[in-house]
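1. Make a model of this:
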Amino acid sequence: MKRPSTGRSQLRQAYSLTPFRDSAARGDSRELQDRLRYVAIADTEQAYAMRLMTFLDSSGRIPFDTRVFTEPAGAVRAMQEEEILILVASQSFYSLMLSREMGGTYSLPGEERMPGAERPAPPPVLILAEEGGTCGEGVTVVSKYQAMEGIELEILKLLMTLEYIPPSPVRQGAGMELIGVYTPLSRCLQTTFSLCLGMMLAKKDRVLYMNFEAFSGLEYMLDRTFRGSVSDLLYFNSCAREKISGQMRMMTEQVGGLDILPPMRSFIELRAIPPGEWLDLMRVMEQVSEYRYVILDLSEHVDHVFDILRACSLIYTLTRDDPFSEAKMRQYEALLSETEYQDVISRTRKLQLPVFRELPANLKWLTRGELADVVRELIENGDYDDL
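-> Predicted coordinates for the structure are as follows:
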């Protein structure tokens, strides 16, 4: 059965992205030049360099190609031709590049130039330190023997410091759909369900999860410290939209193939954001990313939550069959009708989850078990065929 018209067209009518597209168009010639440049991974240890390149390419956060160099002479030639956007070099490789055997054909940070020499300005350099000692001035130094996510973050930081606008991806295929998850009932496994849904959808498409709870607890569940929050994106959306793409790549976390945008730390700050700002941010996110679905784990702490639900193509509302829960659901639906949000009801699918014998203790395992079976059936039964 054909699903009712989605909220995506309503968003497009309410929030035009023409100014953003115009600003991108003005940078076409520079963007074309930047697409020809790449992040260079330079290390005489070829196996390590290939592993790092594979990791960076598979994560999708670096908006440029990556290439590996195992010989200093090749890296120097590429730098002479100004092909390298950022040089990521092991400490030993960089020492070879600075050596006199290279003939002083290229200028590197911290290197003393010959009088009157005219050589291209060096790109930013990230040194992967293998041991103690100095690496010269003007370079960023991190440990080579750390999680590759840490190295990726340093590369993203260097990209953010460059003085041009990184090329935004040209969206291919279908647009971005908002999937809302909201219930007026408490303790219904809403967040667990939302994360599981996102991870299951992420097996085939790029999916982003956004949490709008007062206290998400995600940092503690994932045992990591988030790099910023969605409030940073709202700030850039208001004054520097060209930086949103890079900022998203830098702050997004990933679990089980699902990208997670760190939520706001304070529900007081969350309540202060009008719905128009959220919807405008999501329209821009559609333009600068390749996400197919965005899972919105919503709560009453979002100002005008009904307006956010109205923008969703599909809404899941978790229910229970006890008298108190049924009474609350009746009051919720009555309020939607009284305030002329009947279209939210028409795009809502009610779900009563079974009583699970056991739920995964680690978020990474949500794609296995009884809950995953329920979500898999939802996806396979055609909820997303018309989106």
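
2. So the protein: which segments form each domain?
-> Using automatic domain parsing, the domain parsing of the chain gives 8-15+175-380, 36-161.

3. ok, of these, where does mean pLDDT dip lowest?
-> In terms of average pLDDT, domain 36-161 trails the rest of these, at a mean of 80.

4. Counting residues, what is the longest strand that the chain contains?
-> Taking DSSP state E as the assignment, the strand of the chain that covers the most residues is strand 84-90.

5. Pull the distance from that strand to the chain's centre.
-> Put simply, strand 84-90 sits 23 Å off its chain's centre (CA atoms, centre = their mean, to the nearest Å).

6. what's the answer for stretch 123-143, then?
-> On CA atoms, centre = their mean, the centre of stretch 123-143 falls 27 Å from the chain's centre.

7. Just the helices from the stretch 51-200 of the chain, written as ranges.
-> All helices of the stretch 51-200 of the chain, identified by DSSP state H, counting those that start in this stretch, fall at 72-80, 91-98, 148-161, 190-201.

8. Tabulate the domains of the chain (a markdown table), appending mean neighbour count.
-> C-beta coordinates here come from the backbone N, C-alpha and C atoms, glycine included. Listed next are the domains of the chain as a markdown table, based on neighbours: other CB atoms under 10 Å:
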| stretch | mean neighbour count |
| --- | --- |
| domain 8-15+175-380 | 17 |
| domain 36-161 | 16 |
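
9. May I have the phi/psi pair for the residue nearest to Y145 when sequence neighbours are not counted?
-> The shortest distance from Y145 to any non-neighbouring residue, by CB to CB, 6 or more residues apart in numbering, is to E130 (7.7 Å). Main-chain torsions, E130, degrees, to the nearest 10: phi -100, psi -20.

10. now do Y316
-> In terms of degrees, to the nearest 10, the main-chain angles of Y316 are phi -110, psi 130.

11. Look through the protein and tell me its longest helix.
-> In the chain, assigned by DSSP state H, the helix with the most residues is helix 323-338.

12. For it, C-alpha coordinates in CSV please.
-> C-alpha atoms of helix 323-338 as CSV (Å, rounded to 0.1, in the frame of the first residue of the first chain):
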residue,chain,number,x,y,z
PRO,A,323,-4.5,0.3,31.3
PHE,A,324,-2.3,3.2,32.3
SER,A,325,-0.3,3.0,29.0
GLU,A,326,-3.4,2.7,26.9
ALA,A,327,-4.8,5.8,28.6
LYS,A,328,-1.7,7.8,28.0
MET,A,329,-1.7,6.8,24.3
ARG,A,330,-5.3,7.9,24.0
GLN,A,331,-4.4,11.3,25.5
TYR,A,332,-1.4,11.7,23.2
GLU,A,333,-3.4,10.9,20.1
ALA,A,334,-6.2,13.2,21.2
LEU,A,335,-3.7,16.1,21.7
LEU,A,336,-2.3,15.5,18.1
SER,A,337,-5.9,15.7,16.7
GLU,A,338,-6.8,18.8,18.8
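
13. who's in contact with M199?
-> M199 is in contact with V207, V255, G256, G257, L258, L366, T367, counting by CB atoms under 8 Å, 6 or more residues apart in numbering.

14. Skipping adjacent residues, who's closest to it in space?
-> Excluding the flanking residues, the one nearest M199 by CB to CB, 6+ apart is G256, at 4.2 Å.

15. how close does that neighbour sit to R249?
-> 19 Å (CB to CB, to the nearest Å).

16. ok, now I127?
-> Where R249 is concerned, I127 sits at a distance of 22 Å (CB to CB).

17. What of R227?
-> For R227, the distance to R249 - CB to CB - is 10 Å.

18. For the closest residue in space to T70 that isn't next to it in sequence, give me phi and psi.
-> Leaving aside its chain neighbours, T70 sits nearest to Q46 (5.0 Å; criterion: CB to CB, 6+ apart). In terms of degrees, to the nearest 10, the main-chain angles of Q46 are phi -60, psi -40.
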